[in-house]
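*Asks:* Sequence first, then the predicted structure, then my questions.
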Amino acid sequence: MANMLSGGEIVIRALKDAGVKNVWGYPGGAALHIYDALHRQDDVYHLLVRHEQAAVHAADGFSRSTGEVGTALVTSGPGATNAITGIATAYMDSIPLVVISGQVPMAKIGQDAFQETDMVGVSRPIVKHSFLVTRTEDIAETIAKAYYIAATGRPGPVVVDIPKDITDPSYKVPYKWPENIKMRSYQPTNKGHRGQVKRAVKTLLEAKRPVIYAGGGIILDNASEYLTQLAQQLNCPVTNTLMGLGGYPATDRQSLGMLGMHGTYEANTAMHHADVIFAVGARFDDRVTNDLDKFCPHATIIHVDVDPTSISKNINAHIPVVGTCTAVLKEMLSIAEQLELEPDAEAIKDWWQQIDQWREDHGIYTATRYEPSSGALIKPQDVIKALYKVTDGEAFVTSDVGQHQMFAAQYYLFDKPRRWINSGGLGTMGFGLPAAMGVQLAHPDAAVACVTGEGSIQMCIQELSTCNQHNLPIKIINLNNSALGMVRQWQDMNYSSRYSQSLYEDSLPDFVALAEAYGHVGIKVTRFEDLEEKMRECFELKDRLVFMDICVDQSEHVYPMQMPGGSMRDLWLSKTERT
Amino acid sequence: MKRIISILLENESGALSRVVGLFAQRGYNIDTLTVAPTDDDTLSRLTLTTQGDDQMTEQMVKQLHKLIDTIKVVHLTEDLHIERELMLVKIKAADSDDRAEISRNVEIFRGHIVDVTASTYTVQLAGDSDKLDAFIEAVREIGIMEVVRSGISGISRGDKFLRV
């Protein structure tokens, strides 16, 4: 006799068979059969959040820091729509997630039933794929497909919408977990075309001014090792995108830091002058390229990506290669070994001399390019530097969105992949804290810092309660400037400092008292000389969530900053200096 | 420039909406769209026409490929192909002059009169879109009451075929 299970039991059993150990979620009417099945087992651990958006961000943070597929479980209607921002965030950054949503019973679909939303319809443009399960017998296979689709090819979120009657405890069917998933309509490409890969290697070896432009694909595909090996073999400069930080060790000499809108002078200038750009796992995002017509005028573009739609979408690739970063980089290494070609040492030496000059001239790592902190004036950059120092550069750092995100990306030097967790594509304020919950769950003994601002943190601050319930000792580093810093910066630069709705005036809560009200520790820092010591105090409280509220300079801007309509190297270097 | 794209996709609920949604969310228009199951009823064959340059069309074809339900995509206008459209036109046919004029045109265009009432003729016509346009112009003055066009269906010429 086969194992007879109800739909609710099948959902949980299938999660277990998919290798899922924890699920973030929030119960509600249409999901209650599933929640009851969850209650009667110990294989899958569920963490109750305070808002469904946070459930998805937490699953997302878990996935980004481990490489595994994250899982969220929500109910129909408002549960499902609250999850949407989280799903869109994961979609834009290609994060593998499975989001299971309850749905009203089959017979009620289309009747405007209580808590009914067409989840498959609402989520359609922001998912890799979605399913509406219509038979109990199909649940296991659908969940197996969902995990397979989420994790393979270009990863992404998959929604599985399950009507309540399908999970009815009184209707039991035989359970069977499909060991192999085969879909005639979905066969992602892995290996690159050998001829193209060979051309890519040759072009890179013959380059006189090459730059490797490495994106989030390196992280997603665990390809850092091969990227590092190839770059070092070629003595080629490497710049990482916001999503790719940690893909190449930031403290290495060959790292130029981040490129793009707030990228370093040396990275952006090197890109502009490059004769060959090797783009790998990156997608020529508008926050990287600046004006497409002025983009890197001298460069032959080699573009490796697992997703053919990313290639020649914004910038035409001269040598396109469709394949996973790992497979293609490995093949490049093996071809480079076979070819009797060496990089032009003389030309590469001159190129490095030029780059080192750029670093010397305007690099943010060769000198401090902002006014120093002192007394009550705390520069946000110095907070990140203190964080880096206190955590020995080993922390997992999540961030929200705005100036603090850019300062963290610039000044926390990530040497390892999966340590920098941020919403790059969608730019979701409120991402940082719930994402940190997922990271902390996956790495219970690690230092997990959520770098945030007083604007972003208030978008998911209710999760302080979740952290209390599930003992997640996150360190919140709140760069509090009493303003929406990036909005204010743009208003300074483009709207003659008319601060339309970007100032909090006296309305902010006492964050220390707030943290304490949730059962956590709060620390306020108002003077620069206390910063490092208080930061140490914060990280010494290993078992507690600590909320560090740090008053930083409101007038500070993020630099460098690309000038709109310019090329990559057209930058503001400070409020008064430009290239 | 007019582009005809042909797609073989899983005959599953939601598959069509993903194709249509893709065009809307990427800011492209669909001019015509036809879809029906094939001889294998687990598959749907869809033909759509859109306007765009080479780069846009290449991007659309790639995006369509990327949909999980899509099995094959072919850009028909890139190569030799046959395109056909079906049209039904209801025309005022109250007096004998009009009736004669309609009949003459139906013969010239190789159509059929498929329904007749005391005051109307309904004409069926198949062919490429230009032919259908020309027929409409030919009978416009008589008085068109209703036009229904199926949108273009297409198939490549020669030995090539679209199949699983």
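*Replies:* On my side now, so go ahead. Numbers count the residues shown, from 1 in each chain, chains lettered A, B, ... in the order given.
*Asks:* Domain ranges for chain B, per the record?
*Replies:* With automatic domain parsing serving as the domain definition, the record reports that chain B contains domains spanning B:2-78, B:83-151.
*Asks:* For chain B, which segments count as helices?
*Replies:* Under the criterion DSSP state H, helices of chain B are mapped to B:15-25, B:54-66, B:96-108, B:129-143.
*Asks:* Identify each buried residue in the last one, please.
*Replies:* By neighbour count with 16 or more other C-beta atoms under 10 Å in any protein chain shown, helix B:129-143 contains the buried residues B:129, B:131-132, B:135-136, B:138-139, B:142. Yep, even glycine has a C-beta here, placed from its N, CA and C like the rest.
*Asks:* Nearest to chain A among those residues?
*Replies:* Of all the buried residues of helix B:129-143, the one sitting nearest chain A is residue B:129; the distance, using C-beta to the nearest C-beta, is 29.3 Å.
*Asks:* can you name the two of the buried residues of helix B:129-143 that are farthest apart?
*Replies:* B:129 and B:142 (21.2 Å; C-beta to C-beta).
*Asks:* if we can go back for a sec, just put the buried residues of helix B:129-143 in JSON lines and tack on distance to chain A.
*Replies:* Formatted as JSON lines, the entries for these read as follows, by distance: C-beta to the nearest C-beta, whole Å:
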{"residue": "B:129", "distance to chain A": "29"}
{"residue": "B:131", "distance to chain A": "35"}
{"residue": "B:132", "distance to chain A": "33"}
{"residue": "B:135", "distance to chain A": "39"}
{"residue": "B:136", "distance to chain A": "36"}
{"residue": "B:138", "distance to chain A": "43"}
{"residue": "B:139", "distance to chain A": "41"}
{"residue": "B:142", "distance to chain A": "44"}
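*Asks:* Hmm, residue B:111 is touching residue B:122, no?
*Replies:* No. Between residue B:111 and residue B:122 there is no contact under C-beta atoms under 8 Å: 10.4 Å.
*Asks:* Residue numbers of chain A in contact with chain B?
*Replies:* Counting by C-beta under 8 Å from any C-beta of the partner chain, the residues of chain A lying close to chain B are A:120-121, A:124-125, A:128-130, A:132, A:149, A:183-186, A:307-309, A:312-313.
*Asks:* Which of those residues fall within helices?
*Replies:* Helix and strand membership here follows DSSP H; of the residues of chain A next to chain B, those in helices are A:120-121, A:149.
*Asks:* Need the helices of chain B in TSV (columns: distance to residue A:102 and mean pLDDT).
*Replies:* As requested, these are arranged in TSV below (distance: least, C-beta to C-beta, whole Å; pLDDT from 0 to 100):
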stretch	distance to residue A:102	mean pLDDT
helix B:15-25	21	94
helix B:54-66	28	94
helix B:96-108	57	96
helix B:129-143	47	96
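*Asks:* I'd like to know which of the residues of chain A next to chain B are buried.
*Replies:* Buried by 16+ other C-beta under 10 Å: A:120, A:124, A:128-130, A:132, A:149, A:185-186, A:307-309, A:312-313, out of the residues of chain A next to chain B.
*Asks:* Tabulate the residues you listed (a markdown table), appending pLDDT and distance to residue A:346.
*Replies:* A markdown table is the format used below for those (pLDDT from 0 to 100; distance: C-beta to C-beta, whole Å):
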| residue | pLDDT | distance to residue A:346 |
| --- | --- | --- |
| A:120 | 97 | 59 |
| A:124 | 97 | 55 |
| A:128 | 98 | 47 |
| A:129 | 98 | 51 |
| A:130 | 97 | 55 |
| A:132 | 97 | 62 |
| A:149 | 98 | 49 |
| A:185 | 93 | 52 |
| A:186 | 95 | 48 |
| A:307 | 96 | 37 |
| A:308 | 94 | 37 |
| A:309 | 94 | 39 |
| A:312 | 92 | 33 |
| A:313 | 93 | 36 |
